[in-house]
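**Q** coords below, sequence missing:
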C-alpha cells in the first residue's frame with residue numbers, strides 16, 4: 001500500500017489533487033506531538049501504519065520522518081522536496097525552533113497562516129484550499145523544526161530512496177550529483193515545492209514508471 005506523509009505545515013490538504021489519481025493508498029497526517037527528534041516522530045507514525053512494509057511517499061518534512069522508519073516498515077521510499085543531507089537550512093531550523101515558542105500567540109498565528117498560504121499559492125492552490133489548511137500549534141511546529149535541526153538520522157534510509165523535487169522549488173540547494181553522492185536516486189518534476197499539488201498527473205506518472213523501473217527513467 002502507498003502511504004502519504006505530508007510536509008511540516010499544510011497537512012493532508014496538500015494531497016487534495018493527487019489522491020483522486022491514486023489507487024489504494026493511506027494518507028496519514030503527522031501526529032500533533034512535541035516530540036523533537038525525527039526518530040521519535042517516526043515511532044509515532046509507525047504506530048499508525050498497518051502491519052508490514054509499505055511504499056511511502058513523504059513530502060518535505062514527511063520524507064525525513066519516513067527516512068527514520070525502521071527497515072521492516074519500508075518497502076520503498078519516495079520523497080518530494082526533502083533535504084537529502086544536512087545543509088545550512090538544518091541549522092536555521094534549529095535556531096527558529098528555539099525562538100518560535102517565544103512569539104506571542106497572535107503573532108505566531110499571523111506568521112504561520114501567511115507563510116503557509118503564500119507557499120500554497122505559489123504551488124497553485126486555489127483560495128478555498130488555502131483557507132482551510134492545517135496550521136500546526138506553535139509548540140508542535142517548534143518541535144518539528146528542532147527535530148530537523150537535530151537531524152539524528154542514519155546515513156541513509158533503509159531502502160534505496162528516490163529523491164524528487166520541483167524544477168522551480170525555491171528551497172532546493174542541491175543537484176543530481178550531490179543527491180547521487182548522498183546515496184539517493186534524483187529526479188526533477190515540473191512545479192515548485194509541491195509538484196503533487198501543481199502537477200499531480202506528473203507525480204502519478206512517475207510513481208507508475210518507478211514501480212517497474214526504480215531509476216524513474
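**A** Right, received. Where do you want to start? Please read all numbers here as calculations on a predicted model, not as lab measurements.

**Q** who does the least confident helix or strand in the chain by mean pLDDT touch, helix- and strand-wise?
**A** When the helices and strands of the chain are scored by mean pLDDT, DSSP states H and E, helix 127-131 comes last with a mean of 85. Counting contacts by 3 or more Cβ pairs under 8 Å, 6 or more residues apart in numbering; DSSP states H and E, helix 127-131 packs against helix 105-122. The way it works is simple: take the backbone N, C-alpha and C, and place the C-beta from them, glycine included.

**Q** check contacts around the nearest residue in space to residue 140 that is not next to it in sequence.
**A** Nearest non-adjacent residue to residue 140, counting by Cβ to Cβ, 6 or more residues apart in numbering: residue 32, 5.3 Å away. By Cβ atoms under 8 Å, 6 or more residues apart in numbering, the contact set of residue 32 is 136, 137, 140.

**Q** again, but for residue 163
**A** With contacts defined as Cβ under 8 Å, 6+ apart, the neighbours of residue 163 are 79, 82, 84, 179, 184, 185, 186, 187.

**Q** of all the contacts of residue 32, which comes closest to residue 207?
**A** Nearest to residue 207 among the contacts of residue 32: residue 136, at 27.0 Å, using Cβ to Cβ.

**Q** how about that closest one, phi and psi?
**A** Dihedral angles of residue 136 (phi, psi; degrees, to the nearest 10) stand at phi -60, psi 150.

**Q** tally of neighbours for the closest residue in space to it that isn't next to it in sequence?
**A** The shortest distance from residue 136 to any non-neighbouring residue, by Cβ to Cβ, 6+ apart, is to residue 9 (6.1 Å). A total of 22 residues lie near residue 9 under the criterion other Cβ atoms under 10 Å.

**Q** could you do residue 110 as well?
**A** Residues within reach of residue 110, counting by other Cβ under 10 Å, total 12.

**Q** what do you get for residue 89?
**A** When neighbours are defined as other Cβ under 10 Å, residue 89 has 13 of them.

**Q** chain neighbours aside, what residue packs nearest to it?
**A** With sequence-adjacent residues excluded and distances taken as Cβ to Cβ, 6+ apart, residue 89 is closest to residue 83, at 6.6 Å.

**Q** neighbours of that neighbour, how many?
**A** The burial count assigned to residue 83 is 24, neighbours taken as other Cβ under 10 Å.

**Q** can you check residue 11 too?
**A** Residue 11 is flanked by 18 other residues according to other Cβ under 10 Å.

**Q** again, but for the one 3 residues further on
**A** Counted by other Cβ under 10 Å, the residues lying close to residue 14 total 29.

**Q** is it true that it touches residue 195?
**A** No - if you go by Cβ atoms under 8 Å, residue 14 and residue 195 don't touch, sitting 10.8 Å apart.

**Q** distance check, the residue nearest to residue 140 against residue 136.
**A** With distances defined as Cβ to Cβ, to the nearest Å, the gap from residue 32 to residue 136 amounts to 7 Å.
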